[in-house]
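Participant: sequence first, predicted model second:
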Amino acid sequence: MPFGKGLKKSGTKQTIAVPSRALAEYDDVPLDGDLEKTIAFVEDMIGANADAVIRRFHMFGKYPAAMFYFCNMVNQTSIHSDLLKPLMYPPPHIDADDIGLDRLKDVIMNDALYYTGSKLENKLAALVENVLRGSTVIAVDGIREAIVVETRSIEKRSIDQPATEQVIRGPREGFIEPIGTNIALIRYRLQSADLRIESSEIGRRTKSKVAVCYMEGITNPKLVEEVNKRLSKIDIDGVMDSGYLEQFIEDNHLSPFPQVQYTERPDKIVANLLEGRVAILVDGSPLALVVPTVFSQFYQTVEDYTERFLMMSAIRLARLVALMFSLVFPSIYVSIISFNPELIPTEFAVAVAGGRAGVPFPAVVEVLIIEVSMEVLREATIRLPQQVGGALSIVGVLVIGQAAVAAGFASPITVVIIALTTIGSFATPAYNAALALRLLRFPLIFMAGIFGLYGVMIGLILIANHLLSLKSFGVPYLSPLVPGDFQGMKDLIVRGPLSWMKDRPSFLRPVDKVKTGGGAAHDVVRQSGLSGEQSEGQSGSSERSDQSGQTGQSDPSPKPAADAKREEGG
């Protein structure tokens, strides 16, 4: 039968009832206590599903009842032993004849059910929605409320080290897909009564659970209100990943720079919550969102704070140099080769000219060809299986690069420039920020090929102007540099000692601004030194006491000189 046949009849269009829309019509329709009507309604809404189970039984051997669930979303062994069996037989301390219809609900909820996550529901639409989420619904004939038991049990992968944010020194745990496990990982590290988690559902059909996490007493309430406001405006069929929400809640949809940070590390989420930010978790996604976001967060890593500040400051500087290399190195090379070759030292200019001899393309075309080839190779390496991708990257870099130089399509210096640029982009910790810099390389190369160094400067000025205009939930994107926050600059280019960073970022406008005491580390050292002196004094006095006791003196304390003379005179 062809698709669509039978939808039109007598020239009029015949509509198909969409289950979710039909279900919305019953949002306020209560249960009437008729078991057969309830079963018919659930069957009509769920439709013909092979995994849908409707189990009829008699509650405590007396009252007709039915149980609704999806067999692949629950543990059927637990359903039979811990849910169905206790409901078919009355509790040992209660006689079945004494259980009337008026007290049946109380006996079920307080005496018979083993599950803690159970509640009563009296709306028809809510029954179907709970079944679709993986819960088990129990309806009893003659009772106008159904029992909803949280029995969802779905196979999940184990907690493992994050694949995109690996560290040498730091926790090895990462988020997984179930939102409940991710919330537990956050609470495991942040055992504070001030942690608040607000839950909602987004998606007309998927009904995806979304959790907003923040610290009460630290996070600005206006920020939490703005986050909830933007999330409430999202109207979409389904949310497959947190990236869907990111594209709806960001301030500037046309900017190549990410305005929302994502991470799969629970420790990173906790650190951001303690600074006054808001975290957003989506059920089914291992990546949590952090807002607001500033540009400096994209070149910072967890190890910047777990290692000592001197070494990590040097590494961060190298990371920033690599970031700038990945953006401007090819365009500067094109502008110097094409417009200002006199800037190259003579010996090096001879080597460059000899390498470019026989290349049929101008420098800008040559660089663009190699850049596009590298991007294609990088994309192919990512999409292929891991075992094949590593071999392809080696073959692509060595064999294809050498073949391009030997064939005269590119000069050796161009291959070296693009290789250094690619390595610099790999040094950027955040993949989405590195992607933005890779995209902006191409306009800079075009402008360098047309205007030379002036084109590069104009392009950088336009990029800086765009960054200055960006905001993330009302926070300037280049904070703390642009507002001139001295406290925040201690963690901007280099990282100062942790004892120096006593305040939370001021651009977040936190309620509690103080994070730690200014001289906490030095006070600890001083106290330890003082206690050492005291312990030495105590040990010395104890030694003197032992010596006094050995000589037979009952009072180890020295006597005044006058008393000693009196005793001698007597």
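Facilitator: Alright, I've got the coordinates.
Participant: averaged over its residues, what pLDDT does stretch 238-253 have?
Facilitator: The predicted model assigns stretch 238-253 a mean pLDDT of 93.
Participant: which residues touch it?
Facilitator: 202-206, 208, 210, 227, 230-231, 233-234, 236, 258-260, 262, 280-282, 284-285, 287-289, 291, 470-473 (C-beta atoms under 8 Å, 6 or more residues apart in numbering). All C-beta atoms are positioned from the backbone trio N, CA, C, and that covers glycine.
Participant: mind running it again at 7 Å?
Facilitator: 202-203, 205-206, 208, 230-231, 234, 236, 259-260, 262, 280, 282, 285, 287-289, 470-472 (C-beta atoms under 7 Å, 6 or more residues apart in numbering).
Participant: what does stretch 268-283 give?
Facilitator: 178-179, 182-183, 186, 189-190, 208-215, 218-220, 223-224, 227, 239, 241-242, 245, 263, 288-292, 302, 504-505, 508, 510.
Participant: show me where the protein has its strands.
Facilitator: Per DSSP state E, the chain carries strands over the ranges 8-9, 12-13, 52-59, 63-70, 118-121, 136-140, 146-149, 195-202, 208-215, 261-263, 278-282, 288-291, 471-472, 475-476.
Participant: residue 358: which of the ones you listed is closest?
Facilitator: strand 261-263 (46.6 Å; C-beta to C-beta).
Participant: which helices and strands does the closest one pack with?
Facilitator: strand 288-291 (3 or more C-beta pairs under 7 Å, 6 or more residues apart in numbering; DSSP states H and E).
Participant: for the strand it packs on, enumerate the helices and strands it packs against.
Facilitator: With contacts defined as 3+ C-beta pairs under 7 Å, 6+ apart, the packing partners of strand 288-291 are helix 242-249, strand 261-263, helix 266-275, strand 278-282.
Participant: please convert the ones you listed to CSV, extending it with distance to residue 382 and mean neighbour count.
Facilitator: Listed next are the helices and strands packed on strand 288-291 as CSV, based on distance: least, C-beta to C-beta, whole Å; neighbours: other C-beta atoms under 10 Å:
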stretch, distance to residue 382, mean neighbour count
helix 242-249, 16, 18
strand 261-263, 17, 23
helix 266-275, 23, 21
strand 278-282, 23, 25
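Participant: and residue 132, which of these is closest to it?
Facilitator: Of the helices and strands packed on strand 288-291, nearest to residue 132 by C-beta to C-beta is strand 278-282, at 17.6 Å.
Participant: CA atoms of that closest one as CSV?
Facilitator: Only the C-alpha atoms of strand 278-282 are listed here, as CSV (Å, rounded to 0.1, in the frame of the first residue of the first chain):
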residue,chain,number,x,y,z
VAL,A,278,24.9,27.9,36.4
ALA,A,279,25.1,24.3,35.0
ILE,A,280,22.5,22.8,32.7
LEU,A,281,22.2,19.0,32.4
VAL,A,282,20.1,17.1,29.8
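Participant: tell me the angle of it relative to helix 242-249?
Facilitator: Interaxial angle, strand 278-282 versus helix 242-249 (axes from the mean of the first three to the mean of the last three C-alpha atoms, to 10 degrees): 130 degrees.
Participant: okay, residue 452: pLDDT?
Facilitator: With respect to pLDDT, residue 452 has a value of 90.
Participant: that one against residue 337, yeah?
Facilitator: No. Counting by C-beta atoms under 7 Å, residue 452 stays clear of residue 337, with 9.9 Å between them.
Participant: more neighbours, those two?
Facilitator: With neighbours defined as other C-beta atoms under 10 Å, residue 452 and residue 337 compare such that residue 337 has more, 27 against 19.
Participant: returning to what we had before: tell me, what's touching residue 452 and residue 337 both at once?
Facilitator: Joint contacts of residue 452 and residue 337 (C-beta under 7 Å, 6+ apart) do not exist.
Participant: include distance to residue 132 when you put the helices and strands packed on strand 288-291 into JSON lines, please.
Facilitator: Putting the helices and strands packed on strand 288-291 into JSON lines (distance: least, C-beta to C-beta, whole Å) gives the following:
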{"stretch": "helix 242-249", "distance to residue 132": "20"}
{"stretch": "strand 261-263", "distance to residue 132": "28"}
{"stretch": "helix 266-275", "distance to residue 132": "29"}
{"stretch": "strand 278-282", "distance to residue 132": "18"}
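Participant: the helices in the stretch 451-570 of the chain, which residues?
Facilitator: 453-469, 486-489, 520-550, 561-569 (DSSP state H, counting those that start in this stretch).
Participant: what number of residues are in the vicinity of residue 36?
Facilitator: 10.
Participant: please pick the buried ones from the contacts of stretch 238-253.
Facilitator: Buried residues within these, defined by neighbour count using 16 or more other C-beta atoms under 10 Å: 202-203, 206, 208, 230-231, 234, 259-260, 262, 280, 282, 285, 287-289, 470-472.
Participant: kindly report the domain assignment for the protein.
Facilitator: 17-149, 179-293, 308-478 (automatic domain parsing).
Participant: let me know which of the ones you listed is tucked in deepest.
Facilitator: Most buried of the domains of the chain by mean neighbour count (mean count of other C-beta atoms under 10 Å) is domain 179-293; its value is a mean of 18.
Participant: noted, bye for now.
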